[in-house]
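[1] predicted model follows, preceded by the sequence.
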Amino acid sequence: MSDLPKWYELPPGGIILEPGSSLRNKTGSWRVIKPIIDQDKCVRCRLCFLYCPDAAILEVDEEYTTKAGRKYTVTYKVNYDYCKGCGICANECPVKAIEMVPEVA
Ligand code: SF4
Ligand code: SF4
């Protein structure tokens, strides 16, 4: 049996009474395709970070040097606990550094 609340246990209007409670709802389990960021192609423009509707792109203080020798002090990573696989990040990336690939169990 599901341990989800019954309809009559929900607050009126389905309002969220406890801020931050969505962190417990790991929406990554809905995903059928997932984004993979090519760190060598990525130019650190930040658009994926800004456009992701689930805030599932992380901006990490991690240095990275591309194969071509470009040095960056920040790296963008996907938080797969919350990424729903919508593909918006891949669509918005101006240099096509994000590829959507099938999720494999
Ligand atoms: S696929 Fe969608 S949810 Fe996942 S990181 Fe990209 S924009 Fe965010
Ligand atoms: S949108 Fe593309 S180039 Fe810009 S930070 Fe994201 S992966 Fe990198």
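    Arrived safely. Ligands and ions are numbered 1, 2, ... in the order given.

[2] helices along this protein, start to end?
    Secondary structure of the chain (DSSP state H): helices at 47-51, 88-92.

[3] what does the first one contact?
    This points to helix 47-51. Residues external to helix 47-51 that are found in contact with it (CB atoms under 8 Å, 6 or more residues apart in numbering): 35, 37, 57-59, 76, 88-89, 92-94, 98. Every residue, glycine included, has its C-beta placed from N, CA and C.

[4] cutoff 6 Å now
    Contact with helix 47-51 is made by 57, 59, 88-89, 92-93, as judged by CB atoms under 6 Å, 6 or more residues apart in numbering.

[5] which stretches of this structure aren't confidently modelled?
    Scanning the chain with the threshold set as pLDDT under 70 gives 1-2, 105.

[6] and residue 24, how close does it get to ligand 1?
    From residue 24 across to ligand 1, the span is 17 Å (CB to the nearest ligand atom, to the nearest Å).

[7] and for that residue, the neighbour number?
    Applying the criterion other CB atoms under 10 Å, we find 7 residues in the vicinity of residue 24.

[8] one step back: could I get the helices of the chain as CSV with mean neighbour count?
    Compiled in CSV, those are given as follows (neighbours: other CB atoms under 10 Å):
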stretch, mean neighbour count
helix 47-51, 17
helix 88-92, 18
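
[9] mind checking which of those helices is nearest ligand 1?
    Ligand 1 lies closest, by CB to the nearest ligand atom, to one member of the helices of the chain: helix 88-92, at 3.2 Å.

[10] for that closest one, C-alpha coordinates in CSV please.
    Provided in CSV are the C-alpha atoms of helix 88-92 (Å, rounded to 0.1, in the frame of the first residue of the first chain):
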residue,chain,number,x,y,z
ILE,A,88,15.5,22.0,-21.5
CYS,A,89,19.2,22.3,-20.5
ALA,A,90,20.2,20.5,-23.7
ASN,A,91,17.9,22.7,-25.8
GLU,A,92,19.2,25.9,-24.3
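
[11] returning to that earlier point: between all of the contacts of helix 47-51, which two are separated the most?
    Maximum pairwise distance among those (CB to CB): 16.5 Å, between 59 and 88.

[12] just to revisit the earlier point, export the helices of the chain as a markdown table, with columns for distance to residue 31.
    What follows is these, written out as a markdown table (distance: least, CB to CB, whole Å):
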| stretch | distance to residue 31 |
| --- | --- |
| helix 47-51 | 16 |
| helix 88-92 | 13 |
